[in-house]
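1. got a predicted model here, sequence first, then my questions.
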Amino acid sequence: MSSGSRPNVSPAPPAKRPRVTLSKLGEKKALGEPIVMITAYDYPSAQVAEAAGVDVVLVGDSGAMTVLGYPSTVPVTIDEMLMLCAAVRRGLTTPLLVGDLPFASYEASNEQAIRTAQRFVKEAGCDAVKLERGGSSAERARAIVAAGIPVMGHVGLTPQTATALGGYRSQGRTAERALDVARDALALQEAGCFSIVFEAVPSEFTEAVHRELDIPIIGIGAGPAADGQVLVFHDLLGIYDGHAARFVKRYANIREEMIKGASAYAEEVRARRYPEPEHGYTMAPDEAARLKDLLAGLKEREPFTGDWGM
């Protein structure tokens, strides 16, 4: 081997990341390491989240709008959410998987909340579940945690009850209303939640409450003081064509590229430029000739009369 040559050595495979656990998230908060959370709704989006190295994947009820075409999150059913969660589970190895409990699946009683949460763990393989609001939801969270299932809370703008909050708008913008949201967050922490999502609240509110909470805050439109951030997969990649909230940042415009690709395909099909020879399969010439003879023989047979001799 010459002095200037290099051995032909294959690059080492990337180190396998350990699975993200609740204790790992707690460590990240203690060390000031930002937590990365993203939504996913199917196997391909889960694979993208896995490859991107995120910490937490939420199968949000936002999938009702981004994937299932509902006008809001309210109509989505437990079974539909379980189907989405199970698909995401099959695409994940490392991130913590959290399933959103849909509207009317946990509010009625502690027993209902526990049964629903158990289905998300047993049938879809979720590591944890998420529910919205404080108040009675804190009691539901406590019951689910007591049943052995980790719970993530959600305060501020809670889409399942957006109508009661005056629509999809920022919450906690007065000191009195901010205090109500803070009480909800503290109640959820006291109930045993391992983390809380703060959605569409002032940055000053997050900064102030951050000092009062021991568990990680995941922000979405909640400012930089949160311990982590979450965005909807279809929003950050520009796939969803609906309204984008103020806090959404587009990191790609996938929908535009998807339309370009589908339009190019349609154009080539109509112009008979697709498929080309390299996109098809072939027969040996002698087999093709035999097939022609066999097909010619079919035409010479008597037409079927429908009498099977019965």
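-> The structure has been received and is ready for your questions. Numbering: from 1, shown residues only.
2. distance of the spatially most central residue of the chain relative to residue 299?
-> The centre of the chain sits closest to residue 40, judged by CA atoms, centre = their mean, with a distance of 1.7 Å. For residue 40, the distance to residue 299 equals 55 Å [CB to CB, to the nearest Å]. Where C-beta positions appear, they are placed from N, C-alpha and C, glycine not excepted.
3. so what sits opposite residue 230 in the bridge?
-> Applying DSSP bridges to residue 230 gives these bridge partners: residue 37.
4. residues near it, how many?
-> Residues contacting residue 230 under the criterion other CB atoms under 10 Å number 25.
5. ditto for residue 158
-> 23.
6. that one and residue 133 touch, don't they?
-> Yes. With contact defined as CB atoms under 8 Å, residue 158 reaches residue 133; the gap is 5.1 Å.
7. now do the helices in this protein.
-> If DSSP state H is used as the criterion, the helices of the chain fall at 22-31, 43-52, 63-66, 78-91, 110-122, 136-146, 175-190, 203-210, 233-236, 254-270, 285-300.
8. now, of those, which is deepest in the fold?
-> A comparison of the helices of the chain by mean neighbour count, using mean count of other CB atoms under 10 Å, puts helix 63-66 on top with a mean of 24.
9. could you say what helices and strands it packs with?
-> On a contact count with 3 or more CB pairs under 8 Å, 6 or more residues apart in numbering; DSSP states H and E, helix 63-66 meets helix 78-91, helix 233-236.
10. count the residues that sit near the residue nearest to residue 170 when sequence neighbours are not counted.
-> Nearest non-adjacent residue to residue 170, counting by CB to CB, 6 or more residues apart in numbering: residue 200, 4.6 Å away. When counting by other CB under 10 Å, one arrives at 22 neighbours for residue 200.
11. for the residue lying closest to residue 188 once chain neighbours are set aside, which residues count as its bridge partners?
-> Nearest non-adjacent residue to residue 188, counting by CB to CB, 6+ apart: residue 153, 3.5 Å away. The bridge-partner assignment for residue 153, based on DSSP bridges, gives residue 196.
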